[in-house]
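**Student:** sequence and predicted structure, then a few things I'm wondering about:
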Amino acid sequence: QEHGLNFQRLLDASAYKEMFRQDMIRWGEEKRHTDPGFFCRAAVEGVLQPVWVVSDTRRLSDVEWFRDAYGDVVQTVRVVATEETRKRRNWVFVTGVDDTESECGLDQGVAFDWVITNDGDKVALGEQLEVLVQSLHKNL
C-alpha cells in the first residue's frame, strides 16, 4: 500500500515480485528494527481464532513474539526440502537475497516441534501432515 504495488502479483513467483524483492526485504527490516512485533501484531489484530496457522515466519523474533503472546500452546513447524528438490521447483539462489535473515533467519536457534519433509513424495507428506493434524486436534 505504501508503495502502490500490486499485492496479488507479489504473492506469486513472478518477475514482478523479484523486481521488488530486495526493496521489500529492506522495508520489512526497517519496520522490524523499529518494532520487532509489527508484522505479528498486524496478522492477529482484531481476529479471535481457536487455532492459528501462521505460515512463512522468517525470523527468530517472530517465533519469540508468538511464544510470548500465546505461551506453551504454540507449536512450531519447519517444512524442509533438499536443495535438489528446490532447484527442480525452479528455485535459484540469489546472493544478497537468499542468504539474508529474511530467508534463513530460522535456520539456527529454533527447536522446532515438528519438521515436515516436502521433497515431492505426496504419500510421505500426507502421512507427516496427518500425524501433525491429529496431534493438534488432541490439544484443542
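**Tutor:** Looks like it arrived, so ask away. Nothing here was measured: the structure is a model prediction, and the numbers come from that model. Numbering: from 1, shown residues only.

**Student:** shaky segments in the chain?
**Tutor:** The chain contains no residues with pLDDT under 70.

**Student:** show me where it has strands.
**Tutor:** Along the chain, counting by DSSP state E, strands occupy 77-80, 114-117.

**Student:** just give me the residue right at the centre of this protein.
**Tutor:** Note on the chain: the residue nearest the mean C-alpha position is Asp56, at 1.2 Å, using Cα atoms, centre = their mean.

**Student:** need phi/psi at it.
**Tutor:** phi 70, psi 30 (degrees, to the nearest 10).

**Student:** one step back: nearest to Gln108, of the strands of the chain?
**Tutor:** Proximity to Gln108, assessed across these by Cβ to Cβ, is greatest for strand 77-80 (11.7 Å). Where C-beta positions appear, they are placed from N, C-alpha and C, glycine not excepted.

**Student:** alpha carbons of the closest one, as PDB, please.
**Tutor:** Only the C-alpha atoms of strand 77-80 are listed here, as PDB (Å, rounded to 0.1, in the frame of the first residue of the first chain):
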ATOM      1  CA  VAL A  77       6.600 -26.500  12.200                       C
ATOM      2  CA  ARG A  78       9.500 -26.300   9.800                       C
ATOM      3  CA  VAL A  79       9.000 -27.600   6.200                       C
ATOM      4  CA  VAL A  80      12.200 -28.700   4.600                       C
END
